[in-house]
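Visitor: mind looking at a prediction? Sequence and model below.
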Amino acid sequence: MITRRLLLISAAAISFASTALAEGKLKVVATFSILGDLVAQVGGDRVEVTTLVGPDGDAHVYQPSPADAQGVADAAVIVANGLGFEGWMDRLVEASGTAATVVIASNTVTPIAFAEAVEEAGHDDHADEHADEHAEEHADEAHDHDHAHDHGAQDPHAWQNVTNVAIYVENIAAGLTAADPEGAATYKANATAYLAELSVLDADIRAAVAALPADRRTIVTSHDSFGYFAAAYGLTFVSPQGVSTEAEASAMDVAALITQIRDAGISAVFVENIADPRLLEQVASETGAKIGGTLFSDALSGPDGPASTYLAMMRNNLTQLTAALGS
């Protein structure tokens, strides 16, 4: 009986190993498009990457399909953001019965708590300037409640700080190496080359922001996904919506934001590729601010768009921001 059981286990292991390899490539599932790109950069030709939430997709409201469960079941490695971003992921992994290694890309990143993210995003920066301070306090409390409800205690959008993505890359390389030790040299070389590109990007962002006028560093966006960018690079982001797009902005939130835009003289607002632009179009109409462009927050663009990779996404966002704030 013991021998038969061992044979069955061995057969299952062989079956999984063959399923988890596609034409000699390691099968990796990434939860959303930004992670998919990072895995492809590190894995190179040794990996076949499947992304659950694709370009311009909103992982906040994503609903996995049976095909997704099968893809997860067949994978050798699953790469997730963590920090509560993929609220559906644990259920999907459990339902799939996968034996894959799960890599949490944000492991060891220093998270921003929602209270800090709100402060960095500028909800409290101009409290004394608001006409209705009491209303704003209640709007902030509502935001905090929505944040906690949707994601827990932490802001999950850590990739908006380039130095955090360097940690993502190191975690991804370690996970791929553990699943495919023969590819260790390839993964290390690819990660090292990509880390050098991230270092250049980080320096370029800091230089561009430093060149902006000190009184023109406030940005209005659709939802609070840029807290890490704000904390790392010295900009202020405000929005009518919470950290998750599942939370709808209240009338009080929108009124407080309109007051803040008028009081602070903010001249441009930005829509996001994953968000419905109508709310910000309303805000722009009522304040006289212009739509400054589209920022890519939680997802890449399609392959022919301006943000088809993480590096391209961050440079596109920087160009959009500096063009609007520096004019």
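Guide: Arrived safely, thanks for sending.

Visitor: going forward, measure contacts and count neighbours with C-alpha atoms only.
Guide: Will do.

Visitor: the helices in the stretch 51-200 of the chain, which residues?
Guide: 66-74, 89-96, 114-120, 133-151, 162-179, 184-210 (DSSP state H, counting those that start in this stretch).

Visitor: okay, now the unreliable bits of the stretch 101-250 of the chain?
Guide: Along the stretch 101-250 of the chain, segments meeting pLDDT under 70 span 114-152, 222-223, 239-250.

Visitor: which parts of this structure are strands?
Guide: Using DSSP state E, the strands of the chain run over residues 21-22, 25-32, 47-53, 77-80, 101-104, 112-113, 154-155, 218-220, 236-238, 268-272, 290-295.

Visitor: I'd like to know which of those strands is closest to N164.
Guide: Comparing the strands of the chain against N164 with C-alpha to C-alpha, the closest turns out to be strand 112-113 (11.7 Å).

Visitor: centre of the chain to the closest one, how far?
Guide: Centre-to-centre, strand 112-113 and its host chain are 14 Å apart (C-alpha atoms, centre = their mean, to the nearest Å).

Visitor: what residues are up against L318?
Guide: Neighbouring residues of L318 by C-alpha atoms under 8 Å, 6 or more residues apart in numbering: 205, 208.

Visitor: how near is it to A312?
Guide: 10 Å (C-alpha to C-alpha, to the nearest Å).

Visitor: same question for N190.
Guide: N190 is 18 Å from A312, by C-alpha to C-alpha.

Visitor: and the residue nearest to H157 when sequence neighbours are not counted, what does it touch?
Guide: With C-alpha to C-alpha, 6 or more residues apart in numbering as the criterion, H157 has its nearest non-adjacent residue at 5.9 Å, and that residue is S225. Residues counted as contacts of S225 (C-alpha under 8 Å, 6+ apart) are 157, 160, 243, 297-298.

Visitor: any idea which of the residues you listed is the one closest to D74?
Guide: D298 (25.7 Å).

Visitor: so that closest one makes contact with H60?
Guide: No: the pair D298 and H60 fails to qualify as a contact (C-alpha atoms under 8 Å) at a distance of 9.0 Å.

Visitor: same drill for these two, tell me which one is more crowded.
Guide: Ranked by neighbour count (other C-alpha atoms under 10 Å), D298 and H60 place D298 first, with 23 against 20.

Visitor: who's in contact with S308?
Guide: Neighbours of S308 in contact, by C-alpha under 8 Å, 6+ apart: 300-302.

Visitor: most neighbours among these, which one is it?
Guide: So for these (other C-alpha under 10 Å), the most neighbours sit at L300, 29 neighbours.

Visitor: now it: how far from L311?
Guide: From L300 over to L311 (counting by C-alpha to C-alpha), the distance is 10 Å.

Visitor: for V169, same thing?
Guide: V169 is 13 Å from L311, by C-alpha to C-alpha.

Visitor: hang on, the earlier thing: same list, the strands of the chain, but as CSV with distance to A207 please.
Guide: Compiled in CSV, these are given as follows (distance: least, C-alpha to C-alpha, whole Å):
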stretch, distance to A207
strand 21-22, 43
strand 25-32, 29
strand 47-53, 32
strand 77-80, 31
strand 101-104, 31
strand 112-113, 23
strand 154-155, 25
strand 218-220, 17
strand 236-238, 16
strand 268-272, 21
strand 290-295, 19
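
Visitor: in a markdown table: these, plus mean neighbour count and distance to A307.
Guide: As requested, the strands of the chain are arranged in a markdown table below (neighbours: other C-alpha atoms under 10 Å; distance: least, C-alpha to C-alpha, whole Å):
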| stretch | mean neighbour count | distance to A307 |
| --- | --- | --- |
| strand 21-22 | 16 | 28 |
| strand 25-32 | 24 | 14 |
| strand 47-53 | 22 | 15 |
| strand 77-80 | 26 | 20 |
| strand 101-104 | 18 | 23 |
| strand 112-113 | 18 | 25 |
| strand 154-155 | 24 | 22 |
| strand 218-220 | 25 | 20 |
| strand 236-238 | 25 | 20 |
| strand 268-272 | 23 | 12 |
| strand 290-295 | 19 | 9 |
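
Visitor: between those strands, which one is nearest to A185?
Guide: Closest among the strands of the chain, once you apply C-alpha to C-alpha, is strand 47-53, at 13.9 Å.

Visitor: the closest one packs against which elements?
Guide: strand 25-32, helix 33-43 (3 or more C-alpha pairs under 8 Å, 6 or more residues apart in numbering; DSSP states H and E).
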